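1. when you get a sec, could you give me coordinates for this:
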Amino acid sequence: MATTRVRLADGPADGEMINVELDTTGRPPLTHHWLGEGGLAHADIYELESAAGAEGWIYRWRGPAT
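-> Presented below is the predicted three-dimensional model:
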């Protein structure tokens, strides 16, 4: 399966790069859960956006999962 690196924008993981698998249409998953020290119960939600330039995609912080 194909993968790509996507940058996280804003929030506690701002600037981090993650590896994600692409679906059959070549897109990353619509959301990413950033797991901090508190695990899934205290995860932060990032939502996929298209980005200008070479990046192609970014995940923008939408807030805590709680």
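2. would you mark the buried spots in stretch 11-31?
-> Residues of stretch 11-31 classed as buried: 11, 13, 20, 28 (neighbour count, 16 or more other Cβ atoms under 10 Å). C-beta here means a position set from N, CA and C on the backbone, and glycine is covered the same way.
3. the last one - nearest residue in space that isn't next to it in sequence?
-> What sits nearest to Pro28 in space, not counting adjacent residues and going by Cβ to Cβ, 6 or more residues apart in numbering, is Val20, at 4.5 Å.
4. the one you found pairs with what?
-> For Val20, the beta-bridge partners under DSSP bridges are Thr4.
5. and the gap between it and Thr66?
-> Applying Cβ to Cβ, to the nearest Å, the value for Val20 to Thr66 is 23 Å.
6. tell me the SS of Pro29?
-> coil (DSSP: H, G, I helix; E, B strand; the rest coil).
7. ok, the residue nearest to it when sequence neighbours are not counted - contacts?
-> Leaving aside its chain neighbours, Pro29 sits nearest to Val20 (6.1 Å; criterion: Cβ to Cβ, 6+ apart). Residues in contact with Val20, defined by Cβ atoms under 8 Å, 6 or more residues apart in numbering, are 3-6, 28-29, 32.
8. and the pLDDT for Val20?
-> On pLDDT, Val20 comes in at 96.
9. distance of it from Ile58?
-> Taking Cβ to Cβ, one finds Val20 at 12 Å from Ile58.
10. who touches both of those two?
-> Val6.
11. closest to Gly39 among the buried residues of stretch 11-31?
-> Ala13 (14.7 Å; Cβ to Cβ).
12. quick one: contacts for that closest one?
-> 34, 44, 46, 61.
13. likewise Thr4?
-> 19-20, 22, 28, 56-57.
14. tell me the two of those residues that are most distant?
-> Asn19 and Gly56 (14.0 Å).
15. and Gly53, what pLDDT?
-> The model's pLDDT for Gly53 equals 73.
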